[in-house]
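J.: Give the three-dimensional model of this entry:
(one chain, ligands or ions: 1)
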Amino acid sequence: MRVRACGINHVDIDMRNGSSRIPLELPVTLGMEFGGEIAEVGAGVTGWSVGDRVSPVFQIHCNACDMCALGEHHHCRNINMLGIQSPGGYAEYVAVPAWVLYRLPDGMSYEAAAAAQTSFCTALHALRTRAQMREGDWVLVNAAGSGVGTAAIQVARHLGGRVIASARTDEKLERARELGAEAVINYSRENITEAVRAATGGRGVDIVYESVGGEILRDSIDAMTTFGKLICIGCHAGEVEPVDFIHLFRNEWSLLGSARSRFGEIVESLDLVAQGKLTPVVHGVFPLAQAADAHRLMESRGHTGKILLAP
Ligand SMILES: [Zn+2]
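T.: Take a look at the predicted model:
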């Protein structure tokens, strides 16, 4: 594949600085999600031609282990992910297996493809499969300005939810409103628990979509209603946090984890983008030579939505 656009994920930064806890064999070429065109077709490959516009599903599973047999491809015992175990899209060219290719329909840009996979499929799996979200549920989306946050607002709305978005700047919250959040919380000056109670008439939210950690996570737990579910997909700002289990059992709360998604959910995410039902929010596109600047921007949290590289 000739790579035309590649999405940056926070895990890229974690792998670069050594904090990801993912065993890596160096050298690693980062870049999990990308779009481009076929530059050359391997021997024995049928159905594809040079010039076809494609995006590979980033998660390559073995189809032979117990987890694959259950359809839980993201827990494949022999998982091989582009940009982690296999070379990824921070490159001009990359070789990928033909069976993971998704054909980009006319009108779906390389940029949209590069921004569409990880954040939307993570939100779909977390909200629908793990948290069993139902129409009408109140969903609190923390870090609403991030790639995963802007995606989760849209997925929660797509599933019929009512969204409260939280972030630390008014600019990010304004964008969250445009994406469908009906209430917003600026946690640089507001307490999440109190603000959620105010926005829901004292009731609290059914689901918390959490990717921050630390104090934000703890305050969000207290913002849940009876039977509330907190779904954690990341915790960069604090990985260990005390939880009051008396509140947990009396309210019958659930604390859930979610990591990536099934193969079909990734394809579904791409389909929803192709159909215009979900729209990736792109903050900006950097040349590959400025990948370091792009990482610095993500680390500064000054972005809203996805940051892309254009090799
Ligand atoms: Zn497997």
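J.: residues from this protein in reach of the ion?
T.: If contact is defined as CB under 5 Å from the ion, the residues of the chain in contact with the ion are His61, Cys62, Cys65, Cys68, Cys76. Bear in mind the C-beta positions are built from the backbone N, C-alpha and C, glycine included.
J.: what about the strands in the stretch 151-300 of the chain?
T.: Ranges of strands in the stretch 151-300 of the chain, per DSSP state E, counting those that start in this stretch, are 162-167, 183-186, 205-210, 224-232, 254-257, 282-287.
J.: Okay, now the sheet partners of the third one, with direction.
T.: Using DSSP bridges, the strands paired with strand 205-210 are strand 138-141 (parallel), strand 224-232 (parallel).
J.: outside of that strand, which residues touch it?
T.: By CB atoms under 8 Å, 6 or more residues apart in numbering, the surrounding residues in contact with strand 205-210 are 123, 126-127, 131, 133-134, 137-142, 149, 152, 156, 161, 164, 196, 216-217, 220-221, 223-225, 227-235.
J.: rewinding a little: looking at the strands paired with strand 205-210, which is buried most?
T.: Of all these, strand 138-141 carries the top mean neighbour count, a mean of 28, counting by mean count of other CB atoms under 10 Å.
J.: what residues are up against Pro87?
T.: Contacts for Pro87 were tallied using CB under 8 Å, 6+ apart; they are Val28, Thr29, Val94, Ala95.
J.: repeat that with 7 Å
T.: Thr29, Val94 (CB atoms under 7 Å, 6 or more residues apart in numbering).
J.: show me where the stretch 1-150 of the chain has strands.
T.: In the stretch 1-150 of the chain, strands defined by DSSP E, counting those that start in this stretch lie at 2-7, 33-37, 53-56, 59-60, 80-81, 101-103, 138-141, listed in chain order.
J.: now those as TSV including distance to Leu308 and mean pLDDT?
T.: Compiled in TSV, the strands of the stretch 1-150 of the chain are given as follows (distance: least, CB to CB, whole Å; pLDDT from 0 to 100):
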stretch	distance to Leu308	mean pLDDT
strand 2-7	5	98
strand 33-37	9	98
strand 53-56	13	98
strand 59-60	19	96
strand 80-81	19	94
strand 101-103	17	97
strand 138-141	22	98
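J.: Just say which of those strands is most tucked in.
T.: The most buried one of the strands of the stretch 1-150 of the chain (mean count of other CB under 10 Å) is strand 138-141, showing a mean of 28.
J.: ok, and what's touching that strand?
T.: 133, 149, 152-153, 156, 161-166, 196, 200, 205-209, 220, 223.
J.: got a list of what the residue lying closest to Ala114 once chain neighbours are set aside touches?
T.: Closest residue in space to Ala114, ignoring its immediate chain neighbours: Ala5 at 3.9 Å, by CB to CB, 6 or more residues apart in numbering. With CB under 7 Å, 6+ apart as the criterion, the residues that contact Ala5 are Phe34, Gly35, Tyr110, Glu111, Ala113, Ala114, Leu308, Ala310.
J.: So what's the residue count around the closest residue to Ala310 other than its chain neighbours?
T.: Excluding the flanking residues, the one nearest Ala310 by CB to CB, 6+ apart is Val285, at 5.0 Å. For Val285, the number of neighbouring residues by other CB atoms under 10 Å comes to 17.
J.: On the strand side of things, show who the residue lying closest to Ala199 once chain neighbours are set aside bridges to.
T.: Ranked by CB to CB, 6+ apart and with sequence neighbours excluded, the top spatial neighbour of Ala199 is Ala183, at 3.9 Å. As for beta bridges, Ala183 partners with Ile164 under DSSP bridges.
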